[in-house]
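S.K.: Just a sequence and a predicted model for now, questions to come.
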Amino acid sequence: MRPLALHPDRLFPAEAGVRAIARKLYGEVAGLPIISPHGHTDPEWWATNASFGNATELLLHPDHYVFRMLYSQGVPLEALGIGNPAANPRESWRLFAQAYQLFRGTPSRMWLDWVFAESFGLDVQLSADTSDHYYDHITAELATNAFRPRALFERYNIEVIATTESPLDDLRHHKAIRESGWKGRVITAYRPDPVIDPEFEGFRDNLKTLSDLTGEDCFSWSGYLAAHRQRRAYFAAMGATSTDHGHSTARTADLSAPEAEALFRKVSAGSFTPDDAELFRAQMLSEMAGMSLEDGLVMQLHPGVYRNHNAQVFARFGRDKGADIPMPCDYVHALRPLLSKYGNDPRFSFIVFTLDETSYARELAPLAGHYPAMKLGPAWWFNDSPEGMRRFREMTTETAGFYNTVGFNDDTRAFLSIPARHDVARRMDCGWLAQLVAEHRMEEWEAAELAVDLSYNLAKRAYKL
Amino acid sequence: MRPLALHPDRLFPAEAGVRAIARKLYGEVAGLPIISPHGHTDPEWWATNASFGNATELLLHPDHYVFRMLYSQGVPLEALGIGNPAANPRESWRLFAQAYQLFRGTPSRMWLDWVFAESFGLDVQLSADTSDHYYDHITAELATNAFRPRALFERYNIEVIATTESPLDDLRHHKAIRESGWKGRVITAYRPDPVIDPEFEGFRDNLKTLSDLTGEDCFSWSGYLAAHRQRRAYFAAMGATSTDHGHSTARTADLSAPEAEALFRKVSAGSFTPDDAELFRAQMLSEMAGMSLEDGLVMQLHPGVYRNHNAQVFARFGRDKGADIPMPCDYVHALRPLLSKYGNDPRFSFIVFTLDETSYARELAPLAGHYPAMKLGPAWWFNDSPEGMRRFREMTTETAGFYNTVGFNDDTRAFLSIPARHDVARRMDCGWLAQLVAEHRMEEWEAAELAVDLSYNLAKRAYKL
Amino acid sequence: MRPLALHPDRLFPAEAGVRAIARKLYGEVAGLPIISPHGHTDPEWWATNASFGNATELLLHPDHYVFRMLYSQGVPLEALGIGNPAANPRESWRLFAQAYQLFRGTPSRMWLDWVFAESFGLDVQLSADTSDHYYDHITAELATNAFRPRALFERYNIEVIATTESPLDDLRHHKAIRESGWKGRVITAYRPDPVIDPEFEGFRDNLKTLSDLTGEDCFSWSGYLAAHRQRRAYFAAMGATSTDHGHSTARTADLSAPEAEALFRKVSAGSFTPDDAELFRAQMLSEMAGMSLEDGLVMQLHPGVYRNHNAQVFARFGRDKGADIPMPCDYVHALRPLLSKYGNDPRFSFIVFTLDETSYARELAPLAGHYPAMKLGPAWWFNDSPEGMRRFREMTTETAGFYNTVGFNDDTRAFLSIPARHDVARRMDCGWLAQLVAEHRMEEWEAAELAVDLSYNLAKRAYKL
C-alpha cells in the first residue's frame, strides 16, 4: 500500500524563488469562500438534505470524466453500473480501483485524491489492494450527518452556488431551500436550450409545456418571447443572476422582427431544415441578449461541442456518457451580429467560453479586450486542468488582461470535487502570478490584489453575486 | 504612491542558472542600434522636427492598444478625447491613470512603464494619485528640445526606421528629411492596398489619382502595372527597400495575362463581386512578387484580420479604434500559386506574418523551412508580447531554425515605445537562447552569435538595410 | 575548431531539483532496447548487410530534414547531389558543413551531433574547417564491419524494427532476412496507399499488378477486397503487426455494400471526380478497420499533409524533397463513421497521428480518452522535436492520460539517427514526468513506472510486439 498525502506545495512552479512567491500569494486566497457561479449540482440535495448513497453512486456514476477513462481502456460501462442497476457497486468500485493508474497526470486524479484525503481522511492511495477499504470507509462516512449535503456545503465554505435548470423546471427544490430557513445560498440559472433548439429532443412538446406553465401561446412568436420573459423573471426571483446557452456553434443573428417571426413559424411547426434550426438558435442568442439588457441577467455562452459522438454508446446509454467531443469554433464572424447590436453597452454582461483553445489568443482575447459587454469565461471542461489553466492565462492575458476574465467556474455535478477544483484554479493562478512577479513583469503587491480578484472578486462582480 | 523602477533582470527566466546566461547574452545586444524595418510612425515628425503636444495626445490618442483596453472596461472613447476635440486632455489622462491596473500583465504596461521611467525619468507608478504629476511632467518635458523627434531618434540609437506610405503619397516629408541635411535614416515602404484592393474606400478615385500622379492610364491593365512600377521606383529612390500588403487573407493567384486583364477590367469598372475582388487581390500579390524580382524590393504580407469589427464604433469613430480582430488564416493553399512561381528564387525575399498562431508550427515554419524566398516575420500585433514571442520561437525554431526568421519589427505608431519594444524582444530572445544553452541544446558561443543576429543582423539582411 | 561533446544532462529541465528527478528517471530507461514500430528504413540493408557508402550518401541524401534546410537558405539541391549523380560528394558535404549553423535549435542538429559523437566518435563540431575531416573519417568508418547494417542494429540495441511496404512489394528482403539465420527482428507493415488512393500515380496499373500478384480480379469489388485480405495475411506472415495509411484527410465513411461497390466501379474504371476519390479513400479506411478486426493488424492513420507543394521541385526532383506541408485536419467529423462502427471494440487498435497540433487537446485527446479502440500516436514528423514532444504531453495528458498513447515512433529512413531520436523522446518524457513529480502532481515511483511504459512497454503492447 502506498501512502496518500497532498503536498502543501502541489501545483506550484518548481523553481524555489517562484514557489516562495506562489506560496505567499496562495496564503492570501486559500481560505476565501467559494463562489460557484456555474455548475450542475442537484438542488434536491440541499432541499431534502438526504444522505448520499455509497462510494460508487456518489463518486463514480455521475462523473463522466472518470468512467470515460475506464471505458477508453476497455472497461465496459455496464460493469461500472452505468445503465445497469444490477451491477454490484463494490465490484464496480474494484474495477475503478485496480485501474487507478490510468488517471496519472489527469485532473481527475488531483480532484479525486483531494476528495479522498481532505474529505474522507484516507491516507493510502487507491489501488486494487485498498479498494474495499475505500469503499467501506467512504460509504460509512456518507451515512453520517457530517456528510449530508448542507453540512458539506458549510464545511466547504461555499458562499453561493448556482445550479442550472430548464425553463420547464418548476424550481420546486430551489423554492424548498428558500423556504427551509437554511442559510446556504443556492441559486438557479436559466438554461433554455430545450425550448430554443429546434433539434432538441421533444422541442415541440417542450413548447407545449412552456405554454402550459406560462399561460402564453408559445406557438406564436410574441407569446413565445413573452413566455421567456416570464420564466426569466421567475428564475430571477429564485435567485438566478444568469442565463446559460449550450449551442454547438457560437453563431448569432440579427434578423428583422418579421424575418424572426417567419422563421419561428417554421421551427415551431416542426418543418425546418438544419440551416433553419441553426439560424433560429443564432437569432435566439440575440433575443436573449436583448432580454438581458432588460432584466439584468448575465448571459453565458458555451459553444463548440459535438454531443453524443459515439452512436452505439448513445443508443445504449443515452446522453452525457463521456462521448462529447470539442470542435473548431469560429467567434469572429459568429458573434458579430450580437456584439454589433449589444456589445457596446457596458450594462450588458456576456461571458463566452470555449473548448477550442486556438481561439484564445486569436479571437476571444481580442474581442473581450475591445467590447465593453464581453468577458472571457475560464478554461472550461476538457481545459479545466492545470495545463489548460496555464494556457488560458498565457494566451489571453496579454490582450484581454485579467479584468476581462471572470474568475473560476467549477461547472461540475461532482459536488465533492468542487473545493478541489477551486483549489487547483487558485494554485495555478498564484503560480502564474508568481512567475510574472519573479520575471519582474508585475509587482508583488499587484499580484496579491490580483490573486484575490481571480479567486473571489471577479466571479462575484461578473455574475452580480 | 508606489515606486516605479525597471528591474534589470525583467523578462529573464526565473531559474538562476538560465537567468545568468540570459543576462550575459543580453549584455551583448542591449546597446546595439535599433533596426526598425516596418512601422507606422509619421515622417512629418522628422521632417518638421516640431515638438510633440501633451501627454494625452502623444501617449493615449494614437495607441489603440491602450484606449481599447479602457474602452473594454466601460470607459467611453469620447471621454478619452477620441473623436472628441472638446475633451480636456488632463481629464482624459486621469481616466487612464485611475484605470492603470487594467494593464497588469499586458505588453502595454511594460512599454508604458519603460517610457515613463526611461524616457521621462518618472519614479512613481501611474495611478489616480499621480495622474496630474505625470501629466504635468510629461507635457513639460515634451516642450523641451530633448524631446523633439530628431533628438529622440538619436537618443534611441535608431540606425534606420521605415514608415509606410500609399502609392498616392507624394513622400514630401521623406523628401524634406533627405534634403534637410539631418543624418537620421528614415525611409518609406510601399503599401499599395488603397490601389490594389477593389473594396477599399474610394478605390476608383484612387486609380484616378494614381493616373494623375504617374501619367499612366490606370484604368488599363498595362497602364496600371506601369504605374506600380513607376511608383515603386520612386519609393525606392526615397529609400524604400520593401513593400507591404495588408490583405484579409493570404490568397495568391497565378492567372494568365488575358485573365488578369479581364479581371482588372471588371474591378476598375467598379462592377465586381466579392469573389472578383478577392481574386484580384490574390493576383496582385503575385504581380507584386514579380515586380520585386525586377526591382529588388522585399515583399511583406500581413494577412488575417477582420477590420473594423465593431459596426457602431466604426460608424462613430472610424478606422483603427482597436476593433480589428484576427481570424483563422490558411497559408498552405493560399500561398501556393505565388510560391510555385517565385518561391524558388533566392533573390526574391518574401516575409510572411500571421496573427493566427496555429499556423506557426503547422504551415509557416514548414513553408519557410523549405522555400528559398520565404522568411517568417516576427510575432506581430496581438502576438507582440513576451508570451507571444516565446510561442513564436517554440513553434517555429524546430522546423524553420533561426535563419529563416527576420529579427524584430516594432510595427507601431507609438514612437516613444519603440526602444521598449525592441528591448522586450531582445530580452525574450536572450531568455529563450539561454534556456537552450542551459538545457545543453546549444553552445553558449552559438547563442551569443544568435543573440546579435536576432537583435540586429537578420533584420538588416532580410530587409536589405 | 570547436569541441563537440554531448552533455549527459541535455534536454533535461534547467531547475536543479527537476533535473535531478529527470536524471534518475532517465537512468531507468536509458539502456532499454529500442522498439521501433513505425519507420521507413530499407529492409535490403539487413538482407544483404552491405556496407553503406560515403558520408554524403548516408547522412545527407536520404534526409529531407537536412537538405530542406540548406535549400531554404539558397543552396541548390543539385549542388548537394540530389537528383545529380555528377555532384562530387565531398563538395556536397562541404556545402552542408559550412552551413551547419542553420541547424541551431533544430532537432536535426541534436540527432546529427549524436550520430557524429556517439556513432563515429567525432569530438569537434562540424564546420567549414572540419568538413574534410568529417567526410574522411565517416566514410572510412562506414567501410568497416562495425558499420554494416546488422552490426549497427545490434550495437543500437534494437529489439524490433518495422519497415513499411506497399501491397505490391514482394517482401523479398524480409524473406531473405528471415531465411538468413540472423536473429535481428525486422518486420514489415502494410501500407496500401498505392492501391487505395485513386489519385496515386499509376493507380490502375497498380490494381493490375495486384491482380497478377494475388490471382484475384482486382477490378471487381469482391476480388479487390479478397486481394487485400490475401496480401495482409502474407504481410502478417512476414512479421507485420500493423497497417499504415497516409491520407491527406482523416475522412472515413460507412457506405452500404452496394454503394461501395458502385463507387469502386467508378474509381477502378478511372472515371471519377476528386470527391469520388476522397470518398473511396474514406470508405477504404473503414474497410481496412473491418479487416483489422478479422486479422488483428493494428491500424495506423497519418493524415494531414499537402504532398509535393513545390511544383518546380516536384517536376525537377520528384517526391519527398522536403516540400510536404501540413494542413489543418478535422478528426471529430471525419473519424465518426469508422469509430461509430468499430471504435467500441477493444480488440481493434486504431492509432491516429497528426501534424495539426491544434487538434491534440481539442479533438484527439477527447476521442482517444473515450473510444476503446483509439490511441494517440506520438508527436510526428515536424512535431518530432523537443518542443513538439513537450506540447504533445502538455496537451494530451490531461484528457487522454498516458495509457491512451503508444510510446515513441522514430518514423525515419535515417537509420543512424534512430537511437538519437529515441534518446530525445526518453529524455523529454523523463523531463516532463520529473516536472509532474516536482510539482507534486505525481509520486516519483509512479513516474518511474511511466518512464518505462513510455519508453518501452506502451509501444510493445500497442503494436502487439
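M.R.: Perfect, thanks for sending it. Only a predicted model underlies this, so the values are computations on that prediction, with no experimental measurement involved.
S.K.: Could I get the contacting residues of A:G83?
M.R.: By Cβ atoms under 8 Å, 6 or more residues apart in numbering or on different chains, the contact set of A:G83 is A:L77, A:R316, A:F317, A:G318. In this view, the C-beta of every residue, glycine as well, is placed from N, C-alpha and C.
S.K.: mind saving the C-alpha coords of stretch A:295-302 as CSV?
M.R.: Listed next in CSV are the C-alpha coordinates belonging to stretch A:295-302 (Å, rounded to 0.1, in the frame of the first residue of the first chain):
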residue,chain,number,x,y,z
ASP,A,295,-33.7,42.2,-16.8
GLY,A,296,-30.0,42.3,-16.0
LEU,A,297,-29.3,38.6,-16.2
VAL,A,298,-25.8,37.9,-17.1
MET,A,299,-25.5,35.8,-20.4
GLN,A,300,-23.2,32.8,-20.7
LEU,A,301,-22.4,31.0,-24.0
HIS,A,302,-20.9,27.5,-24.0
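S.K.: in it, what's buried?
M.R.: Using 16 or more other Cβ atoms under 10 Å in any protein chain shown as the test for burial, stretch A:295-302 gives A:L297, A:V298, A:M299, A:Q300, A:L301, A:H302.
S.K.: Just the residues you listed: which are in strands?
M.R.: Using DSSP state E, A:V298, A:M299, A:Q300, A:L301 are the members of these that sit in strands.
S.K.: Export those residues to a markdown table and append columns for distance to chain B.
M.R.: As requested, these are exported to a markdown table (distance: Cβ to the nearest Cβ, whole Å):
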| residue | distance to chain B |
| --- | --- |
| A:V298 | 15 |
| A:M299 | 17 |
| A:Q300 | 18 |
| A:L301 | 17 |
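S.K.: in what helix or strand does the most far-flung residue of chain A relative to its centre lie?
M.R.: Distance from the centre of chain A peaks at A:P258, with 35.6 Å (Cα atoms, centre = their mean). Take DSSP states H and E as the rule and A:P258 turns out to sit in helix A:257-269.
S.K.: what do you get for A:T243?
M.R.: Secondary-structure assignment from DSSP H and E places A:T243 in strand A:242-245.
S.K.: got the contact list for that strand?
M.R.: Under the criterion Cβ under 8 Å, 6+ apart, residues A:37-38, A:162, A:164, A:189-193, A:196, A:232, A:285, A:288, A:292, A:297-302, A:351, A:463-464 lie in contact with strand A:242-245.
S.K.: and what of stretch A:272-292?
M.R.: Residues outside stretch A:272-292 that contact it (Cβ under 8 Å, 6+ apart) are A:192, A:196-199, A:225, A:228-229, A:232, A:243, A:245, A:247, A:249, A:251-255, A:260, A:263-264, A:266-267, A:297-299, A:301, A:334, A:337-338, A:341-342, A:348-350.
S.K.: mind running it again at 6 Å?
M.R.: For stretch A:272-292, contacts defined as Cβ atoms under 6 Å, 6 or more residues apart in numbering or on different chains pick out A:196-199, A:243, A:247, A:251-255, A:260, A:263, A:266-267, A:299, A:338, A:342, A:348.
S.K.: Now it: buried residues?
M.R.: Using 16+ other Cβ under 10 Å as the test for burial, stretch A:272-292 gives A:272, A:276-289, A:291-292.
S.K.: Export that stretch to PDB, keeping only CA atoms.
M.R.: The C-alpha trace of stretch A:272-292 is given here as PDB (Å, rounded to 0.1, in the frame of the first residue of the first chain):
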ATOM      1  CA  PHE A 272     -37.500  23.200 -41.000                       C
ATOM      2  CA  THR A 273     -34.100  22.500 -42.400                       C
ATOM      3  CA  PRO A 274     -30.900  22.200 -40.300                       C
ATOM      4  CA  ASP A 275     -30.000  25.600 -41.600                       C
ATOM      5  CA  ASP A 276     -33.300  27.000 -40.300                       C
ATOM      6  CA  ALA A 277     -32.600  25.400 -36.900                       C
ATOM      7  CA  GLU A 278     -29.100  26.900 -36.800                       C
ATOM      8  CA  LEU A 279     -30.400  30.300 -37.800                       C
ATOM      9  CA  PHE A 280     -33.100  30.200 -35.200                       C
ATOM     10  CA  ARG A 281     -30.600  29.300 -32.400                       C
ATOM     11  CA  ALA A 282     -28.500  32.200 -33.700                       C
ATOM     12  CA  GLN A 283     -31.400  34.600 -33.600                       C
ATOM     13  CA  MET A 284     -32.400  33.500 -30.100                       C
ATOM     14  CA  LEU A 285     -29.000  34.200 -28.700                       C
ATOM     15  CA  SER A 286     -29.500  37.800 -29.800                       C
ATOM     16  CA  GLU A 287     -33.100  37.800 -28.400                       C
ATOM     17  CA  MET A 288     -31.700  36.500 -25.100                       C
ATOM     18  CA  ALA A 289     -29.100  39.300 -25.100                       C
ATOM     19  CA  GLY A 290     -31.800  41.800 -25.600                       C
ATOM     20  CA  MET A 291     -33.800  40.400 -22.700                       C
ATOM     21  CA  SER A 292     -30.600  40.500 -20.600                       C
END
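S.K.: Figure out how far that stretch is from the centre of its chain.
M.R.: Computed by Cα atoms, centre = their mean, to the nearest Å, the chain-centroid distance of stretch A:272-292 equals 22 Å.
S.K.: what do you get for stretch A:29-40?
M.R.: Taking the mean of its C-alpha atoms, stretch A:29-40 sits 12 Å from the chain's own mean (Cα atoms, centre = their mean).
S.K.: then it to CSV, C-alphas only?
M.R.: Provided in CSV are the C-alpha atoms of stretch A:29-40 (Å, rounded to 0.1, in the frame of the first residue of the first chain):
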residue,chain,number,x,y,z
VAL,A,29,-6.6,33.2,-1.0
ALA,A,30,-6.6,29.6,0.3
GLY,A,31,-9.3,30.4,2.8
LEU,A,32,-11.6,32.6,0.8
PRO,A,33,-15.1,31.4,0.4
ILE,A,34,-16.1,29.6,-2.8
ILE,A,35,-18.1,31.5,-5.4
SER,A,36,-19.5,28.8,-7.7
PRO,A,37,-21.5,30.8,-10.4
HIS,A,38,-21.9,28.0,-12.9
GLY,A,39,-22.4,24.3,-12.4
HIS,A,40,-24.6,21.2,-12.5
